[in-house]
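Undergrad: Predicted model and sequence follow; I will ask about them next.
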Amino acid sequence: MRSRSRSASKTPQNKENQTHKARIVFFETEDWEKQFIQSAALRKYEARVYGERLTEETARLAEDADIVSVFIYSNVDKGVLDKLPNLGMIATRSTGYDHIDMAECRRRGIVVSNVPYYGENTVAEHAFGLILSLSRKIYKAYFRTTRLDFSLENLTGFDLKGKSMGVVGAGRIGLHVVRIAKGFGMDVLVYDVRQEPLLAEVLGFTYVPFEELLRRSDVISLHVPLVKTTHHMINRSNIHLIKRGALLINTARGAVVETEALISALDQGTIAGAGLDVFEGEESVKEETALLGQQLPREKMREILLGYALLHRDNVVITPHIAFYSEEALLRIVETTQQNILGFLQGNPVNVVATSAM
Ligand code: NAD
């Protein structure tokens, strides 16, 4: 959705004509981003960069800001916005914007821009990293060799060529997975609520019903968004349909897979291995301190314990939600953010996800 702010005092044109240089404050930046931001196209403005998240406390660093830029860990709610009286734009360096109070931004005429595309190939490549770690037992072999054990016992892998790849959700990322799988010589099955027959013909894949995909795929890779209909899409009542010995790869969102069902399928050997960049409760498991001295809700605690039950298995490879985290993808994020900011300042906002009603 694209529209422009019509709020009298905050139009982009006014920003360029103002007597002061536009003040742009970046939060949640890493060191390389700081250098990039300060050395690039925004030099003629007053750009300040901080590593901290934007909170009610750190908002004092941006109390005169015309524009703030944040990542997903800054919760930009009414309390924060109240501390930023001059704000005309928020440039989030992410695709999602559920960390920003959009209704409040709309009410105040604050433009919000996001980064709609940055890493569909990046996530797809990571999915294959996880697949190969398991299909060729690279992960298991690595741990052995670090202990100076060079035996081949139980390290027989399997070829991807000629196997069936099941892609659940063939959107931007899923379609890249399809292309890479075709490069490996795999037969590709796709389940998606939206079908594009022409695309299937051009890329050489077949749409099948979900249960058929579970039954026929040697590798299943998930690329659906987390919405009501995909929550626990793989669960205890359908996980037994998966072809015995298949691999399950999840780089989408943890809650697409019911962890308890996954653990039991791994225990029973239905699933031979799982590659997980995401899993339920990953945030809490990452921050082990969450377990210390805090009263956690029962359901959260259960998620954390189940998450721990997935660790330390030699047929489960876990990465800490880094599928998007390549140099190129990060650069694309910063470059698009710069374009978003410049567009706003020059009176031509781009990648706008919400403003006041036109
Ligand atoms: P996209 O919107 O381009 O594609 C999603 C596809 O899923 C669409 O084709 C859609 O029709 C399909 N879909 C939606 N609901 C479905 C359902 N109930 N059943 C079957 N198919 C359904 O999204 P994308 O850019 O390809 O990203 C996919 C997901 O990957 C994101 O929503 C996000 O959760 C995840 N992601 C993870 C990382 C990471 O670092 N691990 C990074 C980026 C995105």
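TA: Okay, I see it. Residues are numbered from 1 along each chain as shown.
Undergrad: show me where the chain has helices.
TA: Applying DSSP state H to the chain gives helices spanning 12-17, 31-39, 78-82, 102-108, 120-135, 138-146, 172-183, 197-203, 210-216, 259-268, 282-286, 298-310, 327-345.
Undergrad: What residues does the stretch 251-358 of the chain have near the ligand?
TA: Residues of the stretch 251-358 of the chain lying close to the ligand (C-beta under 6 Å from any ligand atom) are 251-253, 277-278, 321, 323-324. Every C-beta, even on glycine, is put in place using the N, C-alpha and C of the backbone.
Undergrad: Can you tell me which of these end up in strands?
TA: Among these, DSSP state E puts none in strands.
Undergrad: which of those residues are buried?
TA: Neighbour counting over those (16 or more other C-beta atoms under 10 Å) leaves 251-253, 277-278, 321, 323-324 as the buried ones.
Undergrad: returning to what we had before: how about JSON lines for the helices of the chain, with mean neighbour count and mean pLDDT added?
TA: Supplementary listing: the helices of the chain in JSON lines, determined by neighbours: other C-beta atoms under 10 Å; pLDDT from 0 to 100:
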{"stretch": "helix 12-17", "mean neighbour count": "16", "mean pLDDT": "50"}
{"stretch": "helix 31-39", "mean neighbour count": "15", "mean pLDDT": "79"}
{"stretch": "helix 78-82", "mean neighbour count": "16", "mean pLDDT": "98"}
{"stretch": "helix 102-108", "mean neighbour count": "17", "mean pLDDT": "95"}
{"stretch": "helix 120-135", "mean neighbour count": "21", "mean pLDDT": "97"}
{"stretch": "helix 138-146", "mean neighbour count": "14", "mean pLDDT": "93"}
{"stretch": "helix 172-183", "mean neighbour count": "21", "mean pLDDT": "97"}
{"stretch": "helix 197-203", "mean neighbour count": "12", "mean pLDDT": "98"}
{"stretch": "helix 210-216", "mean neighbour count": "17", "mean pLDDT": "98"}
{"stretch": "helix 259-268", "mean neighbour count": "18", "mean pLDDT": "94"}
{"stretch": "helix 282-286", "mean neighbour count": "17", "mean pLDDT": "62"}
{"stretch": "helix 298-310", "mean neighbour count": "16", "mean pLDDT": "71"}
{"stretch": "helix 327-345", "mean neighbour count": "19", "mean pLDDT": "93"}
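Undergrad: What's opposite residue 206 in the beta bridge?
TA: Residues in a beta bridge with residue 206, per DSSP bridges, are residue 189.
Undergrad: Could you double-check that it sits in contact with residue 190?
TA: Yes. Counting by C-beta atoms under 8 Å, residue 206 does reach residue 190; the two are 6.9 Å apart.
Undergrad: intersection of neighbour lists for the two?
TA: Any residue near both residue 206 and residue 190 by C-beta atoms under 8 Å, 6 or more residues apart in numbering counts here, and that gives residue 200.
Undergrad: Who has more neighbours out of those two?
TA: residue 190 (25 against 14; other C-beta atoms under 10 Å).
Undergrad: residues in contact with the more buried one?
TA: So residue 190 contacts 166-168, 170, 174, 178, 200, 205-208, 213 (C-beta under 8 Å, 6+ apart).
Undergrad: residue of this structure with the smallest distance to the ligand?
TA: Closest to the ligand within the chain is residue 171: 1.7 Å, counting by C-beta to the nearest ligand atom.
Undergrad: burial count for that residue?
TA: Look at residue 171: counted by other C-beta under 10 Å, it has 14 neighbours.
Undergrad: What residues does it make contact with?
TA: So residue 171 contacts 192, 223-224 (C-beta under 8 Å, 6+ apart).
Undergrad: and the gap between residue 263 and residue 306?
TA: Between residue 263 and residue 306 the computed distance is 7 Å (C-beta to C-beta, to the nearest Å).
Undergrad: Enumerate every residue touching residue 145.
TA: No contacts exist for residue 145 under C-beta under 8 Å, 6+ apart.
Undergrad: Can you tell me how far it is from residue 333?
TA: Using C-beta to C-beta, residue 145 is found at 36 Å from residue 333.
Undergrad: and if you look at residue 325?
TA: For residue 325, the distance to residue 333 - C-beta to C-beta - is 10 Å.
Undergrad: same check, this time on residue 318
TA: Using C-beta to C-beta, residue 318 is found at 24 Å from residue 333.
Undergrad: can you check residue 61 too?
TA: 22 Å.
Undergrad: can you put the helices of the chain in JSON lines and add distance to residue 69?
TA: Formatted as JSON lines, these follow (distance: least, C-beta to C-beta, whole Å):
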{"stretch": "helix 12-17", "distance to residue 69": "15"}
{"stretch": "helix 31-39", "distance to residue 69": "8"}
{"stretch": "helix 78-82", "distance to residue 69": "14"}
{"stretch": "helix 102-108", "distance to residue 69": "14"}
{"stretch": "helix 120-135", "distance to residue 69": "21"}
{"stretch": "helix 138-146", "distance to residue 69": "37"}
{"stretch": "helix 172-183", "distance to residue 69": "23"}
{"stretch": "helix 197-203", "distance to residue 69": "35"}
{"stretch": "helix 210-216", "distance to residue 69": "39"}
{"stretch": "helix 259-268", "distance to residue 69": "35"}
{"stretch": "helix 282-286", "distance to residue 69": "23"}
{"stretch": "helix 298-310", "distance to residue 69": "31"}
{"stretch": "helix 327-345", "distance to residue 69": "6"}
